[in-house]
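Need a 3D model of the following:
(one chain, ligands or ions: 1)
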Amino acid sequence: MENPVNRFKAGLREGRHQLGVWNAIPHPTVTECLAACGFDWIVIDTEHGAMEVTDALPALQAVAGYPAASAVVRPAINDWVLIKRHLDQGAQTLMLPYVQSRDEAEAAVRAMRYPPRGLRGVAGMTRASRYGLVEDYSHRAEDELCLILQVETAAALDRLEEIATVEGVDGIFIGPADLSASMGYPGQPEHPAVVAAIEGAIARLKAVGVPSGILTLDPDFARRCIALGTGFTAVGVDMLSLRNGAMGLVEAFGNA
Ligand SMILES: O=C(O)C(=O)C[C@H](O)[C@@H](O)CO
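Next up, the predicted model:
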């Protein structure tokens, strides 16, 4: 059996913009609904909220039913054991939060790779290798794995190029919520200083040839980021879509 192609990674390499959405509600029906809607990438978020490693498995299976959609799993932290577990259950793209330095970026790359290039533990019968049926999986796994690192503090932003250019890093996600807090503007990702930092980061990543990504709920800012060159832009969060849709109904009908 062939190693499944990672469409998200291919899209980044080809410079094809990819539209994303956040899945934090821990049920695969929600993930599947998002995949059916036509997004290119769906973040299965086990950093914030209630999703555990074990919740990511049915979410991955849900996305697999929609070949045009790619799952991007966000582990709770940049940790080699968590990385190994998510990879083993078939995540091909991981987005690691709170990467602060080149050393941390290099550690993440090592965790993605089998020895001798890295330290990923070897397990035979995993979903990743299609239960051992992907030919030569241990040598070919890396080809279809994709590593996105999150730069989301002022300190990390100072080291952006050092982090982004580590060999094996496929893209950098700029986290506006954490970045704004770290810059002294919690809850204000639209603060002019934060916007300037984000726009500067997109330009700096473009200059070193590393794809950049972001999550913004402001459609105008999302379009601006895309125009500036983000390669992967998330524009929504499941809970927000649910809340807004439900509130719209209540507003339309009141207590009638
Ligand atoms: O800092 C950010 O922004 C992110 O990392 C995304 C957040 O975790 C959150 O807004 C997702 O709902």
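
Residues of the stretch 1-150 of the chain that sit close to the ligand?
Residues of the stretch 1-150 of the chain that fall close to the ligand, judged by C-beta under 6 Å from any ligand atom: Trp22, His48, Gln150. (C-beta placed from N, C-alpha, C; glycine too.)

And the residues you listed, which is closest to Ala69?
Among those, Trp22 lies closest to Ala69 (C-beta to C-beta), at 13.5 Å.

Which SSE is immediately downstream of the helix or strand hosting the closest one?
Using DSSP states H and E, Trp22 maps to strand 18-23. Per DSSP H and E, strand 18-23 leads on to helix 28-37 as the next helix or strand towards the C-terminus.

and the helix or strand that comes right after that following helix, what does it pack onto?
For helix 28-37, the following helix or strand on the C-terminal side (DSSP H and E) is strand 41-45. Judged by 3 or more C-beta pairs under 8 Å, 6 or more residues apart in numbering; DSSP states H and E, strand 41-45 is in contact with strand 18-23, helix 28-37, helix 53-64, strand 70-74, strand 232-237.

again, 7 Å this time
Applying 3 or more C-beta pairs under 7 Å, 6 or more residues apart in numbering; DSSP states H and E, one finds that strand 41-45 makes contact with strand 18-23, helix 28-37, helix 53-64, strand 70-74.

Now tabulate those in TSV and tack on mean pLDDT and mean neighbour count.
TSV is the format used below for the helices and strands packed on strand 41-45 (pLDDT from 0 to 100; neighbours: other C-beta atoms under 10 Å):
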stretch	mean pLDDT	mean neighbour count
strand 18-23	98	23
helix 28-37	98	19
helix 53-64	98	20
strand 70-74	98	27
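
got a markdown table for the ones you listed, with distance to Val210 too?
Conversion of those to a markdown table gives the following (distance: least, C-beta to C-beta, whole Å):
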| stretch | distance to Val210 |
| --- | --- |
| strand 18-23 | 15 |
| helix 28-37 | 26 |
| helix 53-64 | 25 |
| strand 70-74 | 16 |
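
ok, which stretches of this structure are strands?
18-23, 41-45, 70-74, 93-96, 146-151, 171-174, 212-215, 232-237 (DSSP state E).

List the residues that contact Arg127.
Gln89, Gly90 (C-beta atoms under 7 Å, 6 or more residues apart in numbering).

so how far is the ligand from it?
Distance of Arg127 to the ligand, given as C-beta to the nearest ligand atom, to the nearest Å: 26 Å.

So what does that residue look like in phi/psi?
In terms of degrees, to the nearest 10, the main-chain angles of Arg127 are phi -60, psi -30.
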